[in-house]
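Visitor: heads up, no residue letters with this:
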Ligand code: ISL
C-alpha cells in the first residue's frame, strides 16, 4: 500500500506541547522570579525532551493579582520577565531549533489597572464605559447572586458611581464587554500584533465565558447556602460561537497557527462546536471533565476533594476520544498550572512515584490528540505541603481560606489538607533543575518556596538516569511520532468497569496497539485480547512483563505496557 499523503495533516496534530509557567521556570537575573532569558537558557533541554511547541502562560504587563492572568498592557512584556527584545530573541532562538511558541490569550477580562478600565471606571459617561460590564444594583444589592471563581460575588460596587462591574474572577479582573464591537476589534488588533511577530498560536483563557446572557438571570441555588451560582449561565453563552467565528474570520484564518481554547464545563458535543472541522473556530479545547470529577456535586466544590474512581476517569476520557474522533481534535492533559501534580493526584507520589508518573505518561500520550506536558511533569514532580498558609501565594487559595474558615468553620488543619490536595500552588513551585541551592531555579530568593524534594527529583539527575521519568517521556514522545496510528487511529476502551486497569486499543488500517495502565500499587492479572498475545512490546515501564506471550499478563505496581499486534497479512508496517 502506498504511504498515506500526510501533506494535508496540520502540523499541530503531530505536535507535543510543553507548558511553561514563566514565573516558576528559570530565573536568569537573581530576582527570584523566572524570566524570558531563563527560558532561553533551557531551550536545548526542551529540544532534547522532544517537544515541539512551548505554551507560555501570560508574559504581559500585569500587577500580578492572579500571576499575569490580570493584564494591564497586552502589548508590553512584564518587566520582571524581561523586555520585548528578550521576547523577540526567545522567539528567534526557539524557531532556530524548530520549536514553536504559543502565547496565552486572556481576553475575558483585563486587570483593573489596564488603562481601558481606569478610563471606564472614571465616569458613567466615559467613552470606554461600555468596554466593561456595568449594571445598577437592585435595592442596594448586586444585580444577581453569581459566585466568582475566586469566592464572593462576581459584582463589585464602584464607590464613585454606585454601579457594579462584573468580574468572574478576582475583583482586580473586570470582565470585558464582548457585546461591544470596539472591544472585539481591539482584541483582534492585539492578536495580530503578536502573530505578526511570528508567534505560532494561542492558548485561549476561559474562552467559553466571553458571552453572557445580557439579562444576567439568577442561577440555581447552591445547597446549604443563600447563594446562587451563575456558572452554567455564563459558560457557552448565547453569542459565544458568533464571537469565536468572528475572531477566526478576522484574525486566525490569516495565519498558520495553532489554537486551543480553555473551556471548563464543556461536554464532547459542545466541544465539537468549538473545534469541529469546518466550524471556523478553534483547533481544540481543554475540557475539564476528568480533573473536575465529582467537584460540582461536592459540598465545597474542589476543596472537598471527592475521591476519584478509575472507571469514571476512563468513561470521561473515552467519551472524548470517541466523541471527537473524525469530528474535532482532542487535547490531552493531566497537569497544568491550575491543577495539582498529576503523579500526586492520579498516581502514587511516594513508593511508586517513578512507576506511576511513567504510567500516566503512557496512558495519556497514546491517546488521540495533542498532548500537553506541564513543566516538571516530565520529572514526576509532586505536590507540596507547606507548613503554614503563609507560604501560599495563589489568590484562589488565599480567598478560599477566608471563606472556608469564616463561613464554613473549617479549622486550619482541614483547610491545609484541602490545599495540599487541590491548591494551585502545587504546580507553581519552581522547576527543579538540579540539586544546587533553590534547585538551580534562582540565585536569589525564590518568589515562592520550593518543594523540598528537589535534591532527589531534578532535571540534571533525571537526564543522567536512563530509567528516569524524563527518559520515559522522551521515549514515548518519540514513539508516538513514529506511529501514525497514535495520531489517526480509532480508540476503543476495554473493560470499562475494571477498577484499576485502564486498557484501550488504538487501531488503523496498518497497526493495532494495546495500551495498558495499572492504577494501583499491587499486582493484577489482566487478560489480553487474542490479537495481542504474540504482540511486540513497544513500551514498558518495568524491566519485565510477566505472562508475556500468554493470554494473561500479570501487571506489576503501576505498570504501563504498549503492545503492537503482529501485522496482518500483506500489510506493511508503518515505520
Ligand atoms: O483553577 C481552577 C480551579 O481551581 C479553574 O476553575 C480556573 O479558574 C479556570 O479553569 C480558569 O482558569 C484560567 O483563568 C483564570 C486563571 O486564574 C487561571 O490560571 C487560568 O488558567 C483567570 O484568568
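Guide: Alright, I've got the coordinates. If you're wondering where the values come from, they're calculated on a predicted model, not measured in any experiment.
Visitor: In contact with the residue lying closest to residue 440 once chain neighbours are set aside, which residues?
Guide: What sits nearest to residue 440 in space, not counting adjacent residues and going by C-beta to C-beta, 6 or more residues apart in numbering, is residue 433, at 3.5 Å. Just so you know, the C-beta spots here come from the backbone N, C-alpha and C atoms, and that holds for glycine as well. Contacts of residue 433 were listed using C-beta atoms under 8 Å, 6 or more residues apart in numbering, and they are 26, 42, 439-441, 458-460.
Visitor: out of those, which are buried?
Guide: Using 16 or more other C-beta atoms under 10 Å as the burial test, those include 26, 42, 439-441, 458-459 as buried.
Visitor: Rebuild those as a markdown table, extending it with pLDDT.
Guide: Listed next are these as a markdown table, based on pLDDT from 0 to 100:
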| residue | pLDDT |
| --- | --- |
| 26 | 99 |
| 42 | 98 |
| 439 | 98 |
| 440 | 98 |
| 441 | 98 |
| 458 | 98 |
| 459 | 98 |
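Visitor: From those, which land in helices?
Guide: Using DSSP state H, the members of the buried ones among the contacts of residue 433 that fall in helices are residue 459.
Visitor: Of the buried ones among the contacts of residue 433, which are in range of the ligand?
Guide: Among the buried ones among the contacts of residue 433, no residue sits close to the ligand (C-beta under 6 Å from any ligand atom).
Visitor: What is the nearest of the buried ones among the contacts of residue 433 to residue 314?
Guide: Taking C-beta to C-beta as the measure, residue 314 lies nearest residue 459 of the buried ones among the contacts of residue 433, at 31.5 Å.
Visitor: ok, residue 320 - contacts?
Guide: By C-beta under 8 Å, 6+ apart, the contact set of residue 320 is 268, 271, 287, 289, 330.
Visitor: Could you find the closest non-adjacent residue to the last one?
Guide: Meaning residue 330. With sequence-adjacent residues excluded and distances taken as C-beta to C-beta, 6+ apart, residue 330 is closest to residue 369, at 2.9 Å.
Visitor: Reduced to three states, what does the most centrally placed residue in the chain come out as?
Guide: Closest residue to the average C-alpha location of the chain: residue 336 at 4.1 Å, with C-alpha atoms, centre = their mean. At residue 336, secondary structure determined by DSSP: H, G, I helix; E, B strand; the rest coil is coil.
Visitor: Just give the nearest non-adjacent residue to it, would you?
Guide: Nearest one to residue 336, counting by C-beta to C-beta, 6+ apart, is residue 374 at 5.2 Å.
Visitor: Next one: that neighbour from residue 540, what distance?
Guide: Remark: distance between residue 374 and residue 540 (C-beta to C-beta, to the nearest Å) = 24 Å.
Visitor: When the two are compared, which one has more neighbours?
Guide: residue 374 (24 against 19; other C-beta atoms under 10 Å).
Visitor: From the ligand, how far off is the more buried one?
Guide: 11 Å (C-beta to the nearest ligand atom, to the nearest Å).
Visitor: is it true that that residue touches residue 427?
Guide: Yes: counting by C-beta atoms under 8 Å, residue 374 does reach residue 427; the two are 6.5 Å apart.
Visitor: which residues do the two both contact?
Guide: Common neighbours of residue 374 and residue 427 (C-beta under 8 Å, 6+ apart) are 21, 335-337, 339.
Visitor: Give me the residues contacting the strand or helix carrying residue 94.
Guide: Element membership for residue 94 (DSSP states H and E) is helix 84-96. Residues outside helix 84-96 that contact it (C-beta under 8 Å, 6+ apart) are 35-37, 39-40, 43, 54, 59, 76-77, 100-101, 197-199.
Visitor: Which of the three states applies to the spatially closest residue to residue 214 that is not a sequence neighbour?
Guide: Leaving aside its chain neighbours, residue 214 sits nearest to residue 179 (6.8 Å; criterion: C-beta to C-beta, 6+ apart). Using three-state DSSP, the structure places residue 179 in coil.
Visitor: And the one 10 residues further on, by the same measure?
Guide: Assigned state for residue 189: helix (three-state reduction, three-state DSSP).
Visitor: Make sure residue 548 is actually in contact with residue 537.
Guide: Yes: contact status for residue 548 versus residue 537: in contact at 6.9 Å, counting by C-beta under 8 Å.
Visitor: Looking at these two, which one has more neighbours?
Guide: Each of residue 548 and residue 537 has its neighbours counted (other C-beta under 10 Å); residue 548 has more, 16 against 11.
Visitor: Per-residue pLDDT of the more buried one, please?
Guide: The model reports residue 548 with a pLDDT of 96.
Visitor: Next: residue 230.
Guide: 75.
Visitor: The stretch 301-450 of the chain against the ligand: which residues are in contact?
Guide: 302, 337-338, 396, 424.
Visitor: Give me the distance from the worst-scoring helix or strand of the chain on mean pLDDT to the chain's centre.
Guide: Here the helix or strand of the chain ranked lowest by mean pLDDT, DSSP states H and E is helix 231-234, holding a mean of 84. Centroid separation for helix 231-234 versus its chain: 21 Å, with C-alpha atoms, centre = their mean, to the nearest Å.
Visitor: again, but for stretch 353-372
Guide: For stretch 353-372, the distance to the chain centre is 14 Å (C-alpha atoms, centre = their mean).
Visitor: Then stretch 13-23?
Guide: 9 Å.
Visitor: sorry, back to before: would you agree the residue nearest to the centre of the chain is in contact with residue 373?
Guide: No: taking C-beta under 8 Å as the definition, residue 336 is not a contact partner of residue 373, at 9.9 Å.
Visitor: Identify the contacts common to those two.
Guide: With C-beta under 8 Å, 6+ apart as the test, residue 336 and residue 373 both reach residue 19.
Visitor: How confident is the prediction for residue 3, by pLDDT?
Guide: 55.
Visitor: Do you have the strands of the stretch 301-450 of the chain handy? List them.
Guide: 331-332, 370-374 (DSSP state E, counting those that start in this stretch).
Visitor: Deepest in the core, which of these is it.
Guide: strand 370-374 (a mean of 24; mean count of other C-beta atoms under 10 Å).
Visitor: Strand partners (parallel or antiparallel) of it?
Guide: Partners of strand 370-374 in the sheet, by DSSP bridges, are strand 17-20 (parallel), strand 331-332 (parallel).
Visitor: and the last one, average pLDDT?
Guide: This predicted structure assigns strand 331-332 an average pLDDT of 98.
Visitor: same thing with stretch 399-411?
Guide: Stretch 399-411 comes out at a mean pLDDT of 94.
Visitor: For the residue of the stretch 301-450 of the chain found nearest the ligand, give me its contacts.
Guide: Closest to the ligand within the stretch 301-450 of the chain is residue 338: 3.4 Å, counting by C-beta to the nearest ligand atom. Applying C-beta under 8 Å, 6+ apart to residue 338 gives the contacts 424, 427.
Visitor: Swap in 10 Å and give it another go.
Guide: Going by C-beta atoms under 10 Å, 6 or more residues apart in numbering, residue 338 touches 57, 69, 262, 264, 288, 291, 374, 394, 396, 422-424, 426-428.
Visitor: And residue 382, by the same measure?
Guide: Counting by C-beta under 10 Å, 6+ apart, residue 382 has contacts 340-345, 347, 349-350, 353, 357, 376, 426, 429, 451, 453, 457.
Visitor: Can you tell me which of those residues are buried?
Guide: Counted by 16+ other C-beta under 10 Å, those give 340-345, 347, 349, 353, 357, 376, 426, 429, 451, 453, 457 as buried.
Visitor: Inside helices: which ones of those residues?
Guide: 342-345, 353, 357.
Visitor: now, the most widely separated pair of these?
Guide: Counting by C-beta to C-beta, the most remote pair of those is 345 and 353, 12.7 Å apart.
Visitor: so residue 156 touches residue 167, yeah?
Guide: Yes: in this structure, residue 156 is within contact of residue 167 by C-beta atoms under 10 Å, at 6.0 Å.
Visitor: any common contacting residues for these two?
Guide: Common neighbours of residue 156 and residue 167 are listed as 112, 148, 174 (criterion: C-beta under 10 Å, 6+ apart).
Visitor: Per-residue pLDDT of the residue nearest to the centre of the chain, please?
Guide: For residue 336, the model assigns a pLDDT of 98.
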